[in-house]
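Participant: sharing a model prediction with you, sequence too.
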Amino acid sequence: MFERLELITADSILSLMTAFRADPDPRKVDLGVGVYRDDHGETPIPAAVRKAESVLLARQTTKTYVGPAGNPGFNQEIASLVLGAEHEARVANRVRTIQCPGGCGALRLGAELIRYASPASVVHVSDPTWVNHVPLLSGSGLRLERYPYYDPASGGVRFAEMVAAFERLPPRAIVLLHASCHNPTGADLSPGEWRELLALVKRRQLLPFIDMAYQGLGESLEDDAYGLRLFSAELPELLFAVSCSKNFGLYRERTGALGVVCDTPAQADAAMSQLVRLARGLWSMPPDHGAAIVHGVLTDPELRAQWIAELDAMRQRVQGLRREAVRHLAEHCPGRDFGFIARQHGMFSLFGIGTAQVHELRSRHHIYMVDDGRMNVAGLRRENLEYFARSVGEVLAARAGGRG
């Protein structure tokens, strides 16, 4: 049996991680892997999370299962964080939330529910989208198609083309939307565009599946949830996937949730029963440690306030790096306008250079980013911004001069 298996090329981002770690050059810069980094290049555990974890470990008396739906307190608190404590859909008892192994688990479970309810469904994802959306969703058996989203010329959203594409979709088509901090582009919908899109989605009877992976890292905890809260209040049905990896620093704890909003409480109960059944067949029981920590942070007023302050500092650091990167790039790359980087949100930006230039940055200057030019802005530090911009300028000048 196994002699027929072919060797698969390693995931490009994982290969990039390996190459970066093996590079002995002290100047090396990691803009590839999608994790937040501080001024020391480390991915820290927020102090509020550390405190909540120490309290949890001191009082925890068992490691028995919590059940296929996960930690009930976490499910309640994460829905409140994402939608707001008094959101209409929650007050009307139309929302159900199930704990999942990370945002990845939430996306896959949502895809499984869609396929069970409507096997012929097609999920329409942005062009481009996070690379792992494709295997996570299509692995359930659903077919994927693309809709226009990113405009490389402006660094913004091709909103008119996106709207035109949605107008052509059949009723009940599924559209995957990024709540904020679009990965890989950093280009987000404005509140006005969310409102315009809502009217279209209502009229065309589309089903949104909203991926919320970076709440608090774009503009604020509240602003980053604007589109999801608007759609949840106005639409009879939608799905949303939540990740606690970035904003709580719980990457390896695989902490996430899937939410479903239904037209009535009875429909929500039915959907939840199916989610529990599907989860039981996928991972049986989710890991509790990260969920219990999040619950501890969100239910302790002091820890919650401390966590929000830490999250604000993370976001402000990334915003500052975006502005400083644009300033340095303007100095070293006078022929290119990189101003879009400062207008975007979250950790990622599509840098707008070709694969050959990405490889040259890596081989000549030890600057690592994904082949499509996606860079993790949080991988920059104030002490390497000038080196980064100067290196980019040299690569662009070499290409313009016909080298390589």
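Facilitator: Looks like it came in fine.
Participant: in the longest helix anywhere in the chain, what's buried?
Facilitator: Using DSSP state H to define each element, the chain has its longest helix at helix 301-332. Of the residues in helix 301-332, 303-304, 306-308, 310-311, 314-315, 317-319, 321-322, 324-326, 328-329, 332 count as buried by neighbour count, 16 or more other CB atoms under 10 Å. (Glycine included, C-beta is placed from N, CA and C.)
Participant: where does this structure dip in pLDDT?
Facilitator: Low-confidence segments of the chain (pLDDT under 70): 399-404.
Participant: domains in it, by residue range?
Facilitator: Per the record, the chain has its domains at 9-44+315-398, 65-299, by automatic domain parsing.
Participant: deepest of those domains, which one?
Facilitator: domain 65-299 (a mean of 20; mean count of other CB atoms under 10 Å).
Participant: coming back round to it: so what's the gap between the longest helix of the chain and the chain middle?
Facilitator: 17 Å (CA atoms, centre = their mean, to the nearest Å).
Participant: now do stretch 387-400
Facilitator: The answer for stretch 387-400 is 30 Å, by CA atoms, centre = their mean.
Participant: which other residues reach it?
Facilitator: 27, 29, 325, 328-329, 331-333, 335-336, 353, 356-357, 360-361, 364-365, 367, 380, 404 (CB atoms under 8 Å, 6 or more residues apart in numbering).
Participant: which SSE is R146 in?
Facilitator: strand 143-148 (DSSP states H and E).
Participant: could you do Q76 as well?
Facilitator: Short version: Q76 belongs to helix 72-83, going by DSSP H and E.
Participant: mind listing what L109 touches?
Facilitator: Neighbour list for L109: I98, C100, L258, L275, L278, A279, L282 [criterion: CB under 8 Å, 6+ apart].
Participant: could you redo the last one with a cut-off of 7 Å?
Facilitator: Under the criterion of CB atoms under 7 Å, 6 or more residues apart in numbering, the neighbours of L109 are C100, L258, L275, L278, A279, L282.
Participant: how close does it sit to L198?
Facilitator: Distance, L109 to L198, by CB to CB, to the nearest Å: 25 Å.
Participant: check P46 too.
Facilitator: 33 Å.
Participant: for E196, which non-adjacent residue is closest in space?
Facilitator: V163 (7.1 Å; CB to CB, 6 or more residues apart in numbering).
Participant: give me the nearest residue to T255, chain neighbours excluded.
Facilitator: Closest to T255 by CB to CB, 6+ apart is G290, at 3.2 Å.
Participant: so the one you found is in which element?
Facilitator: helix 289-299.
Participant: can you state the direction angle for that helix and helix 301-332?
Facilitator: 100 degrees (axes from the mean of the first three to the mean of the last three CA atoms, to 10 degrees).
Participant: contacts for helix 289-299 next, please.
Facilitator: With CB under 7 Å, 6+ apart, helix 289-299 has contacts from 48-49, 52-53, 55-56, 70-71, 73-74, 77-78, 81, 99, 244, 248, 250, 253-255, 303-304, 307.
Participant: export that helix as PDB, just CAs?
Facilitator: Output in PDB follows, covering the C-alpha atoms of helix 289-299 (Å, rounded to 0.1, in the frame of the first residue of the first chain):
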ATOM      1  CA  HIS A 289      -6.100  24.200  28.200                       C
ATOM      2  CA  GLY A 290      -6.200  27.300  25.900                       C
ATOM      3  CA  ALA A 291      -9.900  27.700  26.100                       C
ATOM      4  CA  ALA A 292      -9.800  27.600  29.900                       C
ATOM      5  CA  ILE A 293      -7.100  30.300  29.900                       C
ATOM      6  CA  VAL A 294      -9.200  32.500  27.600                       C
ATOM      7  CA  HIS A 295     -12.200  32.100  29.800                       C
ATOM      8  CA  GLY A 296     -10.000  33.100  32.800                       C
ATOM      9  CA  VAL A 297      -8.800  36.200  31.100                       C
ATOM     10  CA  LEU A 298     -12.200  37.300  29.900                       C
ATOM     11  CA  THR A 299     -14.000  36.700  33.200                       C
END
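Participant: so D372, which of the three states?
Facilitator: coil (DSSP: H, G, I helix; E, B strand; the rest coil).
Participant: ditto for P184
Facilitator: coil.
Participant: which non-adjacent residue is nearest it?
Facilitator: The nearest residue in space to P184 (CB to CB, 6+ apart) is R374, at 3.8 Å.
Participant: my guess is that neighbour contacts Q344, does it?
Facilitator: No - using CB atoms under 7 Å, R374 makes no contact with Q344, being 11.7 Å away.
Participant: could you pull up phi and psi at F209?
Facilitator: Phi and psi for F209, reported as degrees, to the nearest 10, are phi -120, psi 110.
Participant: please apply the same query to the one 4 residues further on.
Facilitator: With angles defined as degrees, to the nearest 10, A213 shows backbone torsions of phi -110, psi -10.
Participant: spatially nearest residue to it (excluding sequence neighbours)?
Facilitator: Leaving aside its sequence neighbours, A213 sits nearest to S243 (CB to CB, 6+ apart; 4.3 Å).
Participant: A92 now?
Facilitator: Excluding the flanking residues, the one nearest A92 by CB to CB, 6+ apart is P265, at 7.5 Å.
Participant: wait, that neighbour touches V91, no?
Facilitator: No - counting by CB under 7 Å, P265 sits too far from V91 to count as a contact (11.2 Å).
Participant: before we move on, what SS does Q357 have?
Facilitator: Per three-state DSSP, Q357 ends up helix.
Participant: cool, Q99 as well?
Facilitator: strand.
Participant: what sits against the nearest residue to it once chain neighbours are set aside?
Facilitator: In space, Q99 comes closest to G70 once its chain neighbours are excluded; the distance is 2.3 Å by CB to CB, 6+ apart. The neighbours of G70, taking CB under 7 Å, 6+ apart as the test, are I98, Q99, P286, A291.
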